[in-house]
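>>> pasting the structure only:
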């Protein structure tokens, strides 16, 4: 797999969540995702970017356009140095929220992507990587 | 401060969301709407989201909150104009907007509101 293009943006406020949505949309259009797939990846990005800001106390998002031998896709990484997640299985469950939300963020983002990787260590931070192939 | 305009059409309030909403703007709208339902004595709220190309769980929750608050204030909420790609994504996200009535466009939303009030009022 090769990284064709990479772009990073800081996530520290709600306005940055809006910026991240727009940047992800631009990249999704660039690789020619269908409108439905664009909407899915932008929505997933919105959930994860908000998590980074609210739960992680801020961090950054990396948007990469990637290629393997047969296909093009995009990989999004959301990373923070916040408190981390103690119970990953619990955090993935729909309806579980530690911040008064709907608790759909992580599970929802997973359903909206093709690949989903959640790494977290209590006290160190959280990194979520999602990929959507064209 | 940035605000989403609320228009009064007969006894309904019409809100057309045309900007990519950040969370604070969504909260402001929620507060403004509940205030106006009371001050304008509105019986219905129409929220046009045809210009929104993303509805995530936060905006979904705001829509549910608005519907719940207006119901308590004796006004009915109809969300109109959702894009098909947004509907598909919402269901996959796990959000089916319980308690929210929807219509394809503002026209049909108006019809829905007046029909439901007609049946409530009974024969004159």
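Done, it's in. All figures in this text were calculated on a predicted structure; none of them were measured in a lab.
>>> Could you use CA atoms for every contact and neighbour count after this?
Fine.
>>> Pull out the buried positions in stretch A:113-133.
A:113, A:116, A:118, A:120-121, A:125-133 (16 or more other CA atoms under 10 Å in any protein chain shown).
>>> tell me the centre residue of chain B?
Nearest to the geometric centre of chain B sits residue B:47, at 3.3 Å (CA atoms, centre = their mean).
>>> That residue is in what secondary structure piece?
Per DSSP states H and E, residue B:47 falls inside strand B:44-48.
>>> possible to save the buried residues of stretch A:113-133 as a markdown table with secondary structure?
Below are those laid out as a markdown table (DSSP: H, G, I helix; E, B strand; the rest coil):
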| residue | secondary structure |
| --- | --- |
| A:113 | coil |
| A:116 | strand |
| A:118 | strand |
| A:120 | strand |
| A:121 | strand |
| A:125 | strand |
| A:126 | strand |
| A:127 | strand |
| A:128 | strand |
| A:129 | strand |
| A:130 | strand |
| A:131 | strand |
| A:132 | strand |
| A:133 | strand |
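>>> so which of those comes closest to chain B?
Checking the buried residues of stretch A:113-133 against chain B with CA to the nearest CA, the nearest one is residue A:113 at 10.3 Å.
>>> I figured the closest one was touching residue A:130, is that so?
Yes. When contacts are counted by CA atoms under 8 Å, residue A:113 is listed as touching residue A:130 (6.2 Å).
>>> ok so, going back, now the next helix or strand after the strand holding residue B:47: buried residues?
Counting by DSSP H and E, the element after strand B:44-48 in chain order, helix or strand, is helix B:57-72. Residues B:57-71 are the ones in helix B:57-72 that count as buried (16+ other CA under 10 Å).
>>> can you list the residues of chain A near chain B?
Counting by CA under 8 Å from any CA of the partner chain, chain A comes close to chain B at A:14-15, A:17-18, A:35-36, A:39-40, A:42-44, A:46-47, A:101-102, A:104-105, A:107-109, A:111-112.
>>> and residue B:62, what does it touch?
Contact partners of residue B:62, counting by CA atoms under 8 Å, 6 or more residues apart in numbering or on different chains, are B:26-27, B:30.
>>> Can you give me the distance of it to residue B:28?
Computed as CA to CA, to the nearest Å, the residue B:62 to residue B:28 distance reads 10 Å.
>>> again, but for residue A:19
Taking CA to CA, one finds residue A:19 at 20 Å from residue B:28.
>>> quick one: which of those two has more around it?
Neighbours per residue, other CA atoms under 10 Å in any protein chain shown: of residue A:19 and residue B:28, the larger number sits with residue A:19, 19 against 14.
>>> quick one: what helix or strand has that one in it?
Going by DSSP H and E, residue A:19 is in helix A:14-30.
>>> starting at the chain centroid, how far to the helix or strand that that helix is followed by?
Next in sequence after helix A:14-30, counting helices and strands by DSSP H and E, comes helix A:35-54. Relative to the chain's own centre, helix A:35-54 is displaced by 6 Å; criterion: CA atoms, centre = their mean, to the nearest Å.
>>> still on that earlier bit, could you say what helices and strands the helix holding residue A:19 packs with?
Under the contact criterion of 3 or more CA pairs under 8 Å, 6 or more residues apart in numbering or on different chains; DSSP states H and E, helix A:14-30 touches strand A:2-11, helix A:35-54, strand A:59-67.
>>> Which parts of the longest one count as buried, going by neighbours?
For helix A:35-54, the neighbour count (16+ other CA under 10 Å) marks A:36-54 as buried.
>>> next one: the shortest one
Neighbour-count burial for strand A:59-67 flags A:59-67 (criterion: 16+ other CA under 10 Å).
>>> right, so of the helices and strands packed on helix A:14-30, which gets closest to residue B:97?
Checking the helices and strands packed on helix A:14-30 against residue B:97 by CA to CA gives helix A:35-54 as the closest, at 15.6 Å.
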